[in-house]
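K.L.:
pasting the structure only:
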């Protein structure tokens with residue numbers, strides 16, 4: 001979440017030309033699809049337009065097909081910092097329109113070639129038509145067999161561990177989306193344990209951050225700010241972000257508690273989190289509540305505290321956002337932006353009768 005640059009135009013050119021090759025001719029072929037050979041979408045309702053299939057490849061020519069259809073170019077990252085959602089070299093993230101998937105099982109094939117051979121990886125994606133995720137909503141990670149049972153993986157590689165859901169690599173905007181477009185006003189509570197904050201985030205990112213993206217309904221295309229690309233990387237509009245944010249210039253310092261608007265790149269800081277310690281667990285509660293008087297106005301609140309203490313009654317900040325374009329409904333995304341973090345059990349409750 002920073003500023004556009006020329007690589008967006010490169011990605012758009014690849015898309016327009018239908019190209020699907022890069023790298024050296026003798027590069028060995030390999031393909032790894034993250035999150036399993038069987039995945040699913042739709043069972044929790046309509047959260048965003050796309051199903052995201054992610055992984056990493058090595059080779060010189062890349063393509064994918066859906067249900068035996070015509071090959072489409074598989075765009076992979078360019079360098080060690082990748083390009084935004086393509087977090088590192090060789091990463092891919094296919095935006096598969098959910099409406100293009102048949103009800104039931106669908107076959108997506110990733111094909112990789114080079115002078116050393118070719119390889120195809122097959123993933124079955126089951127599309128459900130009548131799913132839902134009703135509030136209140138609770139996730140006890142110890143009872144979850146696969147992250148997709150309780151949410152939608154939008155970006156990055158996520159791993160279930162004893163203490164919760166962990167973002168395996170501290171790369172650009174790793175997102176796990178909970179809920180769907182019907183959610184409006186709600187409160188979320190979880191714990192976060194930071195394992196590592198990298199010293200460098202790359203040329204297309206600001207400082208590291210972790211927390212919640214409220215009313216998120218997927219990435220967008222809206223030129224010239226967010227040009228067409230594979231995968232799409234337009235991150236606004238959404239409701240707003242409530243999170244912990246590190247300074248790009250001082251990644252070893254304590255993070256600030258930050259509010260980030262849902263309609264433009266503007267933020268407000270509420271001071272550093274103190275005490276802060278890598279490896280310690282912190283509770284996080286945030287909420288969004290629409291004004292009774294103005295549907296374009298929403299109040300966002302955040303509090304963060306050491307998890308071995310009682311949750312405080314007050315808020316670290318309460319910020320009122322008025323916007324005609326920030327979204328009024330949508331699920332909540334757990335976001336790990338260049339942070340290796342574990343999110344603990346999640347509780348989400350509706351904020352009815354509080355306007």
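P.N.:
Cool, the structure landed. Keep in mind the model is a prediction, meaning the values are calculated, not measured.
K.L.:
Tell me which stretches of the stretch 251-355 of the chain form helices.
P.N.:
For the stretch 251-355 of the chain, no helices are identified by DSSP state H, counting those that start in this stretch.
K.L.:
Where does pLDDT dip in it?
P.N.:
Applying pLDDT under 70 to the stretch 251-355 of the chain picks out residues 353-355.
K.L.:
That one: strands as residue ranges?
P.N.:
Assigned by DSSP state E, counting those that start in this stretch, the strands in the stretch 251-355 of the chain fall at 256-261, 267-272, 281-290, 297-306, 317-322, 331-337, 340-343, 346-350.
K.L.:
Please apply the same query to the stretch 1-150 of the chain.
P.N.:
30-33, 38-41, 50-58, 61-66, 72-73, 91-97, 104-114, 117-127, 137-139.
K.L.:
For the fourth one, the averaged confidence score.
P.N.:
When pLDDT is averaged along strand 61-66, the result is 97.
K.L.:
Give me the residues contacting it.
P.N.:
20-22, 53, 71-76, 92, 94, 96, 100-101, 106-114 (Cβ atoms under 8 Å, 6 or more residues apart in numbering). Every C-beta, even on glycine, is put in place using the N, C-alpha and C of the backbone.
K.L.:
Name the nearest residue to residue 199, ignoring sequence neighbours.
P.N.:
Spatial nearest neighbour of residue 199, excluding adjacent residues (Cβ to Cβ, 6 or more residues apart in numbering): residue 251 at 5.3 Å.
K.L.:
Run through the residues that contact residue 99.
P.N.:
residue 49.
K.L.:
Just the buried subset of the contacts of strand 61-66, please.
P.N.:
Among the contacts of strand 61-66, those buried by neighbour count (16 or more other Cβ atoms under 10 Å) are 20-22, 53, 72-76, 92, 94, 96, 101, 106, 108-114.
K.L.:
what about the nearest residue to residue 147 once chain neighbours are set aside, how many neighbours?
P.N.:
Leaving aside its sequence neighbours, residue 147 sits nearest to residue 158 (Cβ to Cβ, 6+ apart; 5.3 Å). Other residues near residue 158 come to 24 when the count uses other Cβ atoms under 10 Å.
K.L.:
Residue 158 contacts residue 171, correct?
P.N.:
No: using Cβ atoms under 8 Å as the test, residue 158 is too far from residue 171 to be in contact (11.8 Å).
K.L.:
tell me the domain ranges of the chain?
P.N.:
6-127, 137-350 (automatic domain parsing).
K.L.:
Please determine how far residue 94 is located from residue 152.
P.N.:
14 Å (Cβ to Cβ, to the nearest Å).
K.L.:
Overlap of the contact sets of those two?
P.N.:
Joint contacts of residue 94 and residue 152 (Cβ under 8 Å, 6+ apart) are residue 52.
K.L.:
and the closest residue to residue 329 other than its chain neighbours, what is it in contact with?
P.N.:
Distance criterion Cβ to Cβ, 6+ apart; nearest residue to residue 329, sequence neighbours excluded, is residue 184 at 4.7 Å. By Cβ under 8 Å, 6+ apart, the contact list for residue 184 reads 215, 290, 328-329.
K.L.:
Assign a three-state SS to residue 184, would you?
P.N.:
coil (DSSP: H, G, I helix; E, B strand; the rest coil).
K.L.:
Against residue 284, how distant is residue 240?
P.N.:
The gap separating residue 240 from residue 284 is 15 Å, by Cβ to Cβ.
K.L.:
any idea how far residue 150 is from residue 345?
P.N.:
For residue 345 relative to residue 150 (Cβ to Cβ), the value is 11 Å.
K.L.:
what touches both of these two?
P.N.:
residue 139.
K.L.:
who has more neighbours, the two?
P.N.:
Neighbour tally, residue 345 and residue 150, criterion other Cβ under 10 Å: the higher count belongs to residue 150, 21 against 17.
K.L.:
which residues does the more buried one contact?
P.N.:
Taking Cβ under 8 Å, 6+ apart, one finds 44, 139, 144, 178 in contact with residue 150.
K.L.:
Which one of those is nearest to residue 295?
P.N.:
For these, the residue nearest residue 295 by Cβ to Cβ is residue 178; the value is 23.4 Å.
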